[in-house]
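Trainee: 3D, please:
(chains A and B)
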Amino acid sequence: MMTITVTAIALFIFATLLALVSKRASSYNYKVVFKIAGYSLLLILIMILYNNGVIDTVSLILAGFFTVISLLISLYTPLYARSLHYPSTLEALVDLFLYSLIVAYIAPNIIVLVSAWTIVEILSFILIRVGEEHSLEGPLTSSRGFLLTSTTTYELSVSTFIATSFTALGISPHVLLEPFQAVTSKFHTPYMVLPLILVGFLTKAAITPLHFWLPSAHSTAPSPASAALSGFTVALGYYGLYRLLNYISTEDIVWDLAITLIVLGLLSILYGGVEALTQRDVKRLLAYGTIMTNGFILALFALYLFTRLKEALVLVLTGVLTQATYKTTLFCEAGLFEALYEMRYAHLIRGVVRVLPISSAGGILAVLSLIGVPGTLGFILKIGALYVALSTPTITPTLLALLITSLSFYIALSAIIGLKYITLYYSQPRRQIPVVRSISKQHQLTVLILGLTNISITPILFQLLGYSQLALITLVLSPLPLIVTYLVVHAARVQPRGLQVSST
Amino acid sequence: MNFTVKASYTALITLLSTLSSLLSDSNPRLSRVLGVLGLLGVPLIYVVTKLLVLPDYQLVLLLLAGFTTAMTSLHSTGYYKYMYGATKQTKLVLNAVCALLVLLFSSTTMLELLVYWLLLDIIVAFTAITLERGFENLRVAATYLVTCVAPSDIALLTLWSIIAVNKGLYESLLFDITSTGAQLDIGLALSLILLLGFSAKMGQFPLHSWPPVVYGESPPHVSAILSSVVSKIGLLGYLLASRLFSIHPVALYVLLAQGVVSTAYGAFAAALQTDVRRLLAYSSISYYGVITVFYAISSLLGLREAFYLALLVAIYHGVLKAQAFTNSSVVYQVANTYDIYRLGYIFYISKLSALSGFLILANLVGMPPTVGFFVKVSTLTLTLSILAENLALIPVLVVLIIHAVFAVMYSAKFLSIYTSTLPRALPVKYVEIPRDQVISELTLGFSSIALSVLILWLLGYPPEFRFILALLYSVTVVLMVAVFTKYYRALFIPEESKFWLTGVES
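Mentor: Predicted coordinates:
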């Protein structure tokens, strides 16, 4: 155990150094080499921890996929910072932020999780602050809102949890140091305290009515940071709940808890989806989309809490990964819009396919995943939700009805949001918007590769979880979104003309 | 079915239809041949050689899909050539939709059905509807997504999940949907979800608001395909649901009520429209209602005749609406409007499309040689014959009569775009319609007559009855030809145009 700890710490420090050194590299190509080396070391670290049984499959899947996506975000950051004249520290900040996030996901016990998470909170605050100082538009109170709402409630919940565990089990660091794998000491919480424990995690996941900090925070932060915040940080809410609820015996209140969570989820789907449709700022639109998707994942999480089935947990993981892939792609693409037009108004930007031919393909793939085209991760999420809901024998009619309602609203709203988003690619602008600067091919390519993760991680995910037949089927289906993307790009290039037939 | 057969079938259809669209500018003749071969020829060959074995209803729907999509695709070549100068880009999307439809109706496993169905919905919503107008059609696509795609997809996914829960995850994906196994017993709630979802695909009450918007605003050939074939996926859904599960009777009564309301509403609303395509859309709702009613009757009473009648109405409506919507595209092409009250003179500038319009009128009114006559007569006779046993069917009879009467009204309105007024803008030039369009439209039009002859031949009527019918048919054909040629000659516009009302020569 000692050797693993030492190796892990050494590897992590080395990986961090590599990432920090990359900031000093003279050309972008050197940066790429350093960053790939750093994140590969992190991936090796995750594999070592998993093989030695320190972390379980849930941590492996989340941390592993997040590392790969983080690498792409990290490669995207220097180009973004250069073209939008961000301070040079942004790159290092984003790298540190991503690293601490990954550490939170591979934390073997509560104390590491809580510490890494606190660092994540502080770094997110700094990143939002950087974006706030740099941006020309948007609210100036978003970082304060983030700190006061998200961070405070998180600390409140964690402190409550620790205090409750101390009162229940006696004051000893045992609970904090015990690995998640070997949880033996379950304790009862007073009924009144449970909301206090839940509130921090639900705020982190931006569940209505505790969602209000998210749209401004995610839209103000620099785009790579928004991508990581929206893709990875909000998922910490579910991850934290998943870990901490293992310590609390919930048998007697599981029904009330499930119903509460699922109703909150349904509210978030409706609120987030409807708000997203009325937004003009692309990043705010995406942020409300995050609230909507989170609502759906919460409904699935409630299903997991109620049934404790492996399939339900797989669904929650699929949901988190779907969100992570498509949100990072779209936020990074929104960063390209910022650089290209110096604005990001959804109602003005049109015909992106012509200006950004490479990255648009990635963006469209992400939108297709949001809509749920067969072959993407989003499709598996939707179809799997219905399957698990109907195949669970212990589910009650009320829960089933709520779940199907949430699914229906989620399908409909995500399709319309996808449609609204896809009009950015389509057709000529009503008024020509001046292009401020050109975007390099490298920069676009990172977004395209991010977009490809929407379809490429599905087979790997199912292979890792042990569903090899399902992995094969998803592998066979994965070219379908590419075909649809081709058709969409093709149709977007059709010149819509006023049909003029002379009357003479 | 053999995997290689299926793979070759899929590959042939996708390859031929894609090639057809890619070659449509450089080599139009080859493109036409490839398109018809890919969409109609390949399914026909596979069906005739028994490589593709399908149940009767799916076979019929497959042939309908192949025929109408091939003709619509052919028709679109002329349209886009005329309007845009180039056809390649638009035809690629259109042919993708057509190929997916043919593949959907020939699917035998659950996986194929799921994939083609969902892909089709997405391609239609995201590329086909926005093809001509771009983001201006966002509202239309959103309407389509919310009121048609979302409910029907939920029904489809529910259908799959029920099988998956009972048969296992992988087995359900490879489940043979054409098999006649034991019917699973599902409760009322699931029956309602299934039937309500599939009825949304057919624009049934209470989700009847999307066809006028979508058919009225999409590119004309997309409307043609949507109305004639895509809606029949809803019928396929009904039939699959009742083949695989035992549907709760209450759900069927709800469906019957939906059908009754939609039939009447569609017929009323169609007569009030001023836009050609909205008129056709409401008429479609009315016909979907008839299909739904007969499906519900056949499932409730176990009547085989009602089942075949529902299929017949589906085919008749498919061919008719493909022709009508393509015909309206010609109207737009020559007059730049769909507004009935601003038209009325099309006969004088395009006689061949007027002939096609006349055939549509004959079908809608139910003139004898067309299949419309047969449909109208048999729907009423069947309802009357079962009315004696079940008096609850009186509303059905009433709405069928309303449907028949209002069909005459709105079809007259439809024909009025050709002949109601004399040309206003002068000088009127005779417009040459591209040959692709003329051929495909008239093929669709005359196939409705051929279909009625086929039905007469297939049904085992006694010889004297057949003789009477044949006599009736030939007399009406002669009459129609006589009337049309008389009209055609009498109102021929001379080469040099005149001011019609003042008599001043230009």
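
Trainee: who's in contact with residue B:209?
Mentor: By CB atoms under 8 Å, 6 or more residues apart in numbering or on different chains, residue B:209 lies in contact with B:143, B:147. Placement of C-beta: from N, CA and C, glycine included.

Trainee: at 7 Å instead, please
Mentor: Shown in contact with residue B:209 (CB atoms under 7 Å, 6 or more residues apart in numbering or on different chains): residue B:147.

Trainee: kindly report the same for the one 3 residues further on.
Mentor: Residues counted as contacts of residue B:212 (CB under 7 Å, 6+ apart) are B:278, B:281-282.

Trainee: with residue B:147 instead?
Mentor: So, once contact is read as CB under 7 Å, 6+ apart, residue B:147 ends up touching B:200, B:207, B:209-210.

Trainee: do that again at 10 Å, thanks
Mentor: Residue B:147 is in contact with A:412, B:200, B:203, B:206-211, B:213-214, counting by CB atoms under 10 Å, 6 or more residues apart in numbering or on different chains.

Trainee: and residue 165, what element?
Mentor: With no chain named, the answer covers chain A. Using DSSP states H and E, residue A:165 maps to helix A:152-169.

Trainee: that answer is for a different chain, and I need it for chain B
Mentor: helix B:150-167.

Trainee: so what does that helix touch, helix or strand wise?
Mentor: Here helix B:150-167 touches helix A:377-391, helix A:397-422, helix B:110-123, helix B:169-173, strand B:184-185, helix B:188-201, helix B:232-244, strand B:245-246, going by 3 or more CB pairs under 10 Å, 6 or more residues apart in numbering or on different chains; DSSP states H and E.

Trainee: any weak-confidence spans in the chain?
Mentor: In the absence of a named chain, chain A is used. A:136-139, A:184, A:427-431, A:495-504 (pLDDT under 70).

Trainee: switch to chain B, please.
Mentor: B:1, B:421-430, B:460, B:488-506.

Trainee: so which residue of it comes closest to chain A?
Mentor: Proximity of chain B to chain A (CB to the nearest CB) peaks at residue B:134, 2.8 Å away.

Trainee: tally of neighbours for that residue?
Mentor: Residue B:134: 20 surrounding residues under other CB atoms under 10 Å in any protein chain shown.

Trainee: looks like it contacts residue A:351 (just checking).
Mentor: Yes: in this structure residue B:134 lies within contact range of residue A:351 using CB atoms under 10 Å: 8.7 Å.

Trainee: if you count contacts, what does the helix or strand hosting residue A:20 end up packed against?
Mentor: Using DSSP H and E, the element containing residue A:20 is helix A:2-22. Judged by 3+ CB pairs under 10 Å, 6+ apart, helix A:2-22 is in contact with helix A:28-51, helix A:57-83, helix A:89-106.

Trainee: any idea which helix or strand comes after the last one?
Mentor: Remark: after helix A:89-106, the chain's next helix or strand is helix A:110-134, criterion DSSP H and E.

Trainee: check which residues of that following helix are buried.
Mentor: A:110, A:113-114, A:116-121, A:123-132, A:134 (16 or more other CB atoms under 10 Å in any protein chain shown).

Trainee: quick one: contacts for the residue in the stretch 151-300 of chain A that chain B sits nearest to?
Mentor: Per CB to the nearest CB, residue A:277 is where the stretch 151-300 of chain A lies closest to chain B, at 9.0 Å. Residues counted as contacts of residue A:277 (CB under 10 Å, 6+ apart) are A:285, A:288-289, A:413, A:416-417, A:419-420, B:142.

Trainee: ok, now with 7 Å
Mentor: By CB under 7 Å, 6+ apart, the neighbours of residue A:277 are A:416-417, A:420.

Trainee: from memory the residue of chain B closest to chain A sits against residue A:426, does it?
Mentor: Yes: using CB atoms under 7 Å, residue B:134 is in contact with residue A:426, at 4.9 Å.

Trainee: next, count neighbours for residue 102.
Mentor: In the absence of a named chain, this looks at chain A. Applying other CB under 10 Å, I find that residue A:102 has 26 neighbouring residues.

Trainee: oops, chain B please
Mentor: Neighbours around residue B:102, by other CB under 10 Å: 26.

Trainee: does chain A sit close to the helix or strand harbouring it?
Mentor: Secondary structure assignment for residue B:102, by DSSP H and E: helix B:88-105. Yes: under the criterion of CB under 7 Å from any CB of the partner chain, chain A is reached by helix B:88-105 at B:89-90, B:92-93, B:96.
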